[in-house]
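Undergrad: Kindly generate the corresponding structure for this input.
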Amino acid sequence: KAATCTKPKTCVKCGITDGEKVEHNYANGSCSTCGEKDPAYVVSWKLENGVLTIYGKGPMEDYNGVVNRAPWYEHRESIKTIIIEGGVTHIGKEAFMSCENVQKVEMASTVSSIGQSAFHSCKKLTSITIPESVTVIGRMAFCWCEKLESINIHKGLTHIEDFVFQFTRVSSIVLPNGLLSIGESAFFMTPLTSVTLPNTLVSIGESAFAFTDISKLTIPGSVKEISDEAFFSCNLLKETVIESGTTSIGYQSFYGCGLASVEIPSSVTAIDKYAFENCNQLKTIFGVSSSYAETFAKEHGYTFVEK
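TA: Residues are numbered from 1 along each chain as shown. Model prediction:
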């Protein structure tokens, strides 16, 4: 006999609510009627010789600090390797937070999302490969992984949420085609010297690359607005190309950068007056005659050169 749940029914005449027994309608691991978990979707774990293995089918549970810590939390200091096996679809919120001795993570191609703070403060983790099945990396997922230098992201990722790689040691990264958004402070205070932004990118969050060591930058025209403080205090940033399609440059977007010149396309129709504040070496703005770039240059004392 099929498992059943109670589906509420309300009488249109008297307003009394009753229920009828119906079969569970499982979808994505739970019943869409009553919310009960699908018994076929079970994720388990085992810890042997420093290797924590997550296995089963479906999403991992999300955890929440002292209220609902991961069951392996008390063993976190002994964990050296984490293996997420095939069948697991979601890495839970705070699942491996503060597993400070983890040096290696293997992630199966069934994982589609990485939860908030999932690997936060895994301080000995040096590299990570994100499979193409992953579409979203949640807030602070790798924040404070202070030895994380190598990040390999395959095509498939669409969203990097806020603070994801903040305070890591990544120095170079190629972001894949298909990526739509980079969240606030996603790469804040990293030693990043090189970043490739795909032409699918739509938004760059506030302070996304602030205090990094980027020296050369191309912003694709698919990014309509360059957010406030997006490249704040990138002191080594000498060369920037903003491609046609971008329409606005926000407050202190390039504050304190080492720019000597910048090329601004005719599609830009708004530039905050403090966008290039404290760019002491900036003398020249290249652009199209009669464009807003020319107007901005003349109003703020820059030399305008027609391209």
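
Undergrad: wait, what's in contact with residue 261?
TA: 282-286 (Cβ atoms under 8 Å, 6 or more residues apart in numbering). Every C-beta, even on glycine, is put in place using the N, C-alpha and C of the backbone.

Undergrad: Sorry, slip of the keys, the one I care about is residue 258.
TA: Per Cβ under 8 Å, 6+ apart, neighbours of residue 258: 234-238, 279, 281.

Undergrad: at 10 Å instead, please
TA: 215, 234-239, 279-282 (Cβ atoms under 10 Å, 6 or more residues apart in numbering).

Undergrad: likewise residue 240?
TA: Going by Cβ under 10 Å, 6+ apart, the list of residues near residue 240 reads 214, 216-219, 226, 231, 234, 254, 257, 259, 261-264.

Undergrad: about what we covered before: is it possible to mark the buried ones in the contacts of residue 258?
TA: 234, 237-238, 279, 282 (16 or more other Cβ atoms under 10 Å).

Undergrad: For residue 102, give its distance to residue 147.
TA: For residue 102, the distance to residue 147 (Cβ to Cβ, to the nearest Å) stands at 11 Å.

Undergrad: Between those two, which contacts overlap?
TA: With Cβ under 10 Å, 6+ apart, residue 102 and residue 147 have common neighbours 122-125.

Undergrad: Which ones among the residues you listed map onto helices?
TA: Among the shared contacts of residue 102 and residue 147, DSSP state H puts none in helices.

Undergrad: ok, and the most crowded of these?
TA: residue 122 (28 neighbours; other Cβ atoms under 10 Å).

Undergrad: Skipping adjacent residues, who's closest to that one in space?
TA: Nearest residue to residue 122, sequence neighbours excluded (Cβ to Cβ, 6 or more residues apart in numbering): residue 102, at 4.6 Å.

Undergrad: SS state for the one you found?
TA: coil (DSSP: H, G, I helix; E, B strand; the rest coil).

Undergrad: what sits against it?
TA: Counting by Cβ under 10 Å, 6+ apart, the residues that residue 102 touches are 50, 52, 76, 79-82, 96, 119, 121-125, 145.

Undergrad: Give me the buried entries from these.
TA: Among those, those scoring as buried are 52, 76, 79, 82, 96, 119, 121-122, 125, 145 (criterion: 16+ other Cβ under 10 Å).

Undergrad: Pick the one among the contacts of residue 261 closest to residue 297.
TA: residue 285 (4.2 Å; Cβ to Cβ).

Undergrad: Now name the helix or strand holding the closest one.
TA: If you go by DSSP states H and E, residue 285 is part of strand 284-287.

Undergrad: what do you get for residue 70?
TA: Counting by DSSP H and E, residue 70 is found in no helix or strand.

Undergrad: So what's the residue count around it?
TA: So residue 70, with other Cβ under 10 Å, has 21 neighbours.

Undergrad: for it, what are its contacts?
TA: Taking Cβ under 10 Å, 6+ apart as the test, what residue 70 contacts is 45, 52, 60-63, 76, 92-97, 99.

Undergrad: and the strand holding residue 285, which strands flank it?
TA: Applying DSSP bridges to the sheet, strand 284-287 is found paired with strand 261-263 (parallel), strand 303-306 (parallel).

Undergrad: Find out how far the longest one is from the centre of the chain, if you would.
TA: Counting by Cα atoms, centre = their mean, to the nearest Å, strand 303-306 is centred 37 Å from the centre of its parent chain.

Undergrad: residues in contact with it?
TA: Residues contacting strand 303-306 (Cβ under 10 Å, 6+ apart): 261, 263-264, 282-291, 293-298.

Undergrad: And the pLDDT at the nearest residue to residue 43 once chain neighbours are set aside?
TA: Closest residue to residue 43 apart from its sequence neighbours, by Cβ to Cβ, 6+ apart: residue 56 at 4.0 Å. Here, the pLDDT recorded for residue 56 equals 96.

Undergrad: what's the neighbour count on residue 56?
TA: 17.

Undergrad: do the one 10 residues further on as well
TA: Taking other Cβ under 10 Å as the criterion, the count of residues near residue 66 is 6.

Undergrad: Just the ones of the contacts of residue 258 in helices?
TA: Using DSSP H, none of those sit in helices.

Undergrad: With distance to residue 154 and pLDDT as added columns, please give those residues in a markdown table.
TA: Listed next are these as a markdown table, based on distance: Cβ to Cβ, whole Å; pLDDT from 0 to 100:
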| residue | distance to residue 154 | pLDDT |
| --- | --- | --- |
| 215 | 26 | 96 |
| 234 | 27 | 98 |
| 235 | 32 | 97 |
| 236 | 29 | 98 |
| 237 | 28 | 97 |
| 238 | 31 | 95 |
| 239 | 28 | 92 |
| 279 | 36 | 98 |
| 280 | 40 | 96 |
| 281 | 38 | 96 |
| 282 | 37 | 97 |
